[in-house]
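Colleague: got a sequence here, can you build the structure:
(2 chains)
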Amino acid sequence: MKQLTTLHKQLLNDYQRDFPLSTRPYQDIAETLGVTEDQVLSAFTELNASGFISRIGPVIPPNHIGVSALVAMSVPEPKLQQVADIISAHPEVNHNYEREHRFNLWFVVIASDAEHLSSVIDEIEQQTAYPAMRLPMLDDFFIDLGFKLDLNNA
Amino acid sequence: MLEEKDRQLLEQIQQGLPICPRPYLEIGRLCNMPEAEVLERLSKLKQQGLIKRMGVIVKHRQLGYRANAMVVWNVPDSLIKQLGGHISQFSFVTLCYQRPRQPEWPYNLYCMIHGKDQTTVLTQLAQLVEACGLDSFDQQILFSNRCFKQRGAIYQKPKPTLADG
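Modeller: Coordinates of the predicted model:
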């Protein structure tokens, strides 16, 4: 996909929240936007294939269903990719980023209960031989309404 | 407390709503639930706030938002709710959490800012710091480099074939 069409941009910005909960959601979107269901399905397929969207789905507030912790590690640069791969291989890890800091590897671990969460982080420490700084979430102040994208030059 | 059936449903739909004419029917097939029940449960979860929002989850980086800063502060616990609430109102902020301080890491307030480049993010941060009165608190800015993994939360052990995306 070379360039985003008007339809792509509308789908990206207008359906981050309140995606229709109906038997034919893509048809409902098509009617609102004055296009066909097939066009909406194709456009979403393209956005997905091009990696512009992660998925269509729910955003669940943290700690309501399972428990999570942000974890930070300080890893020498030459080892970083290797250590990151070991960490990413765990299904309980859902985000894993390099950041510009002495603590240069930051990842989020999610589990159904505190015991499982702790055992995953223990295992990561053993596998990588680096200490893991554990930062569980205490409070969430953010009301997620989606993110207004400026797509003028996209 | 979340019912087991809700948990199964969320588990399934977190993998992504199928892009086909009857996506909730498909989700229902995968968790042995009629389409009507899928829709009813999702509406209820949304009303209860157990779904914050339902919709497109964008990949900021691919859409030109290449700079992502995690900013942390050490603020008095007595002020954290008020400051967190204020920070969350800025449109460029995408997360805002309280986490415990650690011996090597004396910060308790976290926020995430997405922007097209680092200069934009730093300008936005300066606005935020001024408006919320954060300038007297100890602060660190951590820009992201490589993204090794990003996908939706899965709260139980998934089948290995479903991991990542």
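
Colleague: partners of the residue nearest to B:Y110 when sequence neighbours are not counted in the sheet?
Modeller: Closest residue in space to B:Y110, ignoring its immediate chain neighbours: B:Y97 at 4.7 Å, by C-beta to C-beta, 6 or more residues apart in numbering or on different chains. Placement of C-beta: from N, CA and C, glycine included. Taking DSSP bridges, one finds A:D140, B:Y110 as the beta-bridge partners of B:Y97.

Colleague: can you pull the contacts of B:Y97?
Modeller: By C-beta atoms under 8 Å, 6 or more residues apart in numbering or on different chains, B:Y97 lies in contact with A:P62, A:M137, A:L138, A:D139, A:D140, A:F141, A:F142, B:G84, B:L109, B:Y110, B:C111.

Colleague: just A:D28 next, same as before
Modeller: Going by C-beta under 8 Å, 6+ apart, A:D28 touches A:P20, A:S22.

Colleague: sorry, back to before: quick check, pLDDT for the residue nearest to B:Y110.
Modeller: At B:Y97, the model reports a pLDDT of 95.

Colleague: how about B:H86: what's its closest non-neighbour residue?
Modeller: Spatial nearest neighbour of B:H86, excluding adjacent residues (C-beta to C-beta, 6+ apart): B:C132 at 4.7 Å.

Colleague: same check, this time on A:V35
Modeller: A:L7 (6.2 Å).

Colleague: helix, strand or coil for the one you found?
Modeller: Here A:L7 is helix, with the state taken from DSSP: H, G, I helix; E, B strand; the rest coil.

Colleague: surely it touches A:Q39?
Modeller: Yes. Taking contacts as C-beta atoms under 8 Å, A:L7 lies within contact range of A:Q39: 6.5 Å.

Colleague: those two: which is more packed in?
Modeller: Shown here are A:L7 and A:Q39; by other C-beta atoms under 10 Å in any protein chain shown, A:L7 has more neighbours (20 against 16).

Colleague: show the contacting residues for the more buried one.
Modeller: Contact analysis of A:L7 by C-beta under 8 Å, 6+ apart lists A:L33, A:V35, A:Q39, A:V40, A:A43.

Colleague: I'd say A:F52 and B:R61 touch.
Modeller: No. Assessed by C-beta under 8 Å, A:F52 is found out of contact with B:R61, at 9.8 Å.

Colleague: so the two - more neighbours on which side?
Modeller: Comparing A:F52 with B:R61 by other C-beta under 10 Å, the one with more neighbours is A:F52, at 23 against 16.

Colleague: leaving out the residues flanking it, which one is nearest to that one?
Modeller: Distance criterion C-beta to C-beta, 6+ apart; nearest residue to A:F52, sequence neighbours excluded, is B:Q62 at 5.1 Å.

Colleague: can you map out the helices along chain B?
Modeller: Using DSSP state H, the helices assigned to chain B run over residues B:4-13, B:23-30, B:35-47, B:80-87, B:118-132.

Colleague: then the second one to PDB, C-alphas only?
Modeller: Taking only C-alpha atoms (Å, rounded to 0.1, in the frame of the first residue of the first chain), the coordinates of helix B:23-30 have been written out as PDB:
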ATOM      1  CA  PRO B  23     -17.000 -11.100  12.900                       C
ATOM      2  CA  TYR B  24     -18.900 -11.600  16.200                       C
ATOM      3  CA  LEU B  25     -20.400 -14.800  14.900                       C
ATOM      4  CA  GLU B  26     -16.800 -16.000  14.200                       C
ATOM      5  CA  ILE B  27     -15.700 -15.000  17.700                       C
ATOM      6  CA  GLY B  28     -18.800 -16.900  19.100                       C
ATOM      7  CA  ARG B  29     -17.800 -20.000  17.200                       C
ATOM      8  CA  LEU B  30     -14.400 -19.900  18.800                       C
END
